[in-house]
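1. coords please:
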Amino acid sequence: METGEDEASKRTRARLAAKRWNILRLALQRGKLPQSGEESASVRSFAAFGVFWVLPAGEPGGSWWIYRSSLCTEAAVLVKLPTGQLQLNEILHSFDNTGNICVWPAEEVMTHYLIKHRNVFSSLSICELGGGSTCLAGLMLAVSSEAKQVLLTDGNERAVANINEMLKRNRMAGFLHNEGTSCRVLRWDKKDDVLGLQGQFDIVLCADCLFLDDYRACLVQTIDDLLKPCGTALVFSPRRGKTLELFCELAQCYKFCIEKTQIYDEEVWEKHCKLQANGEKIYDEDLHYPYMLTLRKATSCNIEETAQ
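-> As a prediction, the model looks like this:
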């Protein structure tokens, strides 16, 4: 059973919330989001668990970077990270811009986990949902595994345009050879976006996409639509209050069997424990440490039980 927040965590959350509201206030005044300084304080203050080597690719201060895994020499990709400022009209009139901000810790950790278990995905069809402007996990899997198909998706057109540019550059640089890798806009609340994709995927991936209250049920429905009868969804997400549990409750309504794992990688867990032991103020387990959810359709669960 989950325990309630202590007073220190509540105060930290209240302080960060106040600063996020200040960011929005300034954006409304200026027509764009502030880029740095005290005004940019948010849950993004904790940037990464540091399980990848990240090196500049090209000019200093540029937008292109090389992400390389210490687990696998061939697991390296060129990534174009978001730079500059989001304009207010983009915030108000485009779908979910959170993926246009950075590579979130849950995406980083999911990528690390997939690389470590890359042999499991040979000959499988994989779709990443809500991968933001990099779809780092899906892209790394396309580069390092023998997956049959990898579809990288996000609901934001700007994010998908960036992914498309990354695919072209990684192919030109010789990092990406998988011809079954592609990208497209896929909004969970748009039935037309899923047409032609129903029941096509062995694996659906998703990282830190459970906090959008208006789209949580749509996400579960989309996962259900995309998966093959014996398919599996891997979802990495921090608790973020009750959002993780709310997602699990919805998934159970769709007859998914759910396995919730807190310790799934020794290196990530050790880094998490060290951050907590050091009392890092920018690190909040509720916001930053991703749990791993494994979702299987009830039919798949029944088959496994029968086989046993």
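
2. C-alpha from now on. contacts and neighbour counts both.
-> OK.

3. element containing residue 231, please.
-> Assigned by DSSP states H and E, residue 231 falls within strand 227-237.

4. ranges for the helices of the stretch 151-300 of the chain?
-> Counting by DSSP state H, counting those that start in this stretch, the segments of the stretch 151-300 of the chain that form helices are 157-172, 191-194, 216-226, 243-253, 266-277, 285-288, 298-307.

5. mind giving me JSON lines with the ones you listed and columns for distance to residue 150 and mean neighbour count?
-> Formatted as JSON lines, the entries for the helices of the stretch 151-300 of the chain read as follows, by distance: least, C-alpha to C-alpha, whole Å; neighbours: other C-alpha atoms under 10 Å:
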{"stretch": "helix 157-172", "distance to residue 150": "12", "mean neighbour count": "19"}
{"stretch": "helix 191-194", "distance to residue 150": "15", "mean neighbour count": "14"}
{"stretch": "helix 216-226", "distance to residue 150": "13", "mean neighbour count": "21"}
{"stretch": "helix 243-253", "distance to residue 150": "24", "mean neighbour count": "17"}
{"stretch": "helix 266-277", "distance to residue 150": "25", "mean neighbour count": "14"}
{"stretch": "helix 285-288", "distance to residue 150": "27", "mean neighbour count": "19"}
{"stretch": "helix 298-307", "distance to residue 150": "22", "mean neighbour count": "12"}
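
6. need those helices in a markdown table (columns: distance to residue 105 and mean pLDDT).
-> Rendered in a markdown table, the data for the helices of the stretch 151-300 of the chain read as follows (distance: least, C-alpha to C-alpha, whole Å; pLDDT from 0 to 100):
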| stretch | distance to residue 105 | mean pLDDT |
| --- | --- | --- |
| helix 157-172 | 18 | 96 |
| helix 191-194 | 27 | 96 |
| helix 216-226 | 20 | 98 |
| helix 243-253 | 16 | 98 |
| helix 266-277 | 11 | 96 |
| helix 285-288 | 7 | 95 |
| helix 298-307 | 30 | 54 |
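
7. can you redo these as a markdown table with distance to residue 129?
-> Listed next are these as a markdown table, based on distance: least, C-alpha to C-alpha, whole Å:
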| stretch | distance to residue 129 |
| --- | --- |
| helix 157-172 | 11 |
| helix 191-194 | 11 |
| helix 216-226 | 9 |
| helix 243-253 | 15 |
| helix 266-277 | 23 |
| helix 285-288 | 19 |
| helix 298-307 | 21 |
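
8. need the strands for the stretch 51-200 of the chain, in chain order.
-> Counting by DSSP state E, counting those that start in this stretch, the stretch 51-200 of the chain has these strands, from start to end: 52-56, 64-69, 76-80, 125-129, 149-154, 181-185.

9. to residue 173, which of those strands lies closest?
-> strand 76-80 (8.4 Å; C-alpha to C-alpha).

10. which residues does residue 149 bridge with?
-> When bridges are called by DSSP bridges, residue 149 pairs up with residue 125.

11. look at it and report its pLDDT.
-> Predicted confidence (pLDDT) at residue 149: the value is 98.

12. same question, residue 242
-> Here the pLDDT value assigned to residue 242 is 96.

13. next: residue 87.
-> Reading off the per-residue confidence, residue 87 sits at a pLDDT of 43.

14. the one 4 residues further on too?
-> Model confidence at residue 91, given as pLDDT, is 39.

15. make 782 the first number, not 1, from now on.
-> Sure thing, new numbering starts at 782, so read that last one as residue 872.

16. just to revisit the earlier point, the inter-axis angle of the strand holding residue 1012 versus helix 1024-1034?
-> Per axes from the mean of the first three to the mean of the last three C-alpha atoms, to 10 degrees, the angle that strand 1008-1018 makes with helix 1024-1034 is 170 degrees.

17. quick one on the thing from earlier: to residue 983, which of the helices of the stretch 932-1081 of the chain lies closest?
-> helix 997-1007 (8.6 Å).

18. ok, residues contacting that closest one?
-> The contact list for helix 997-1007 (C-alpha atoms under 8 Å, 6 or more residues apart in numbering) reads 969-970, 975, 978-982, 985, 991, 1014, 1028, 1031-1032, 1035, 1078.
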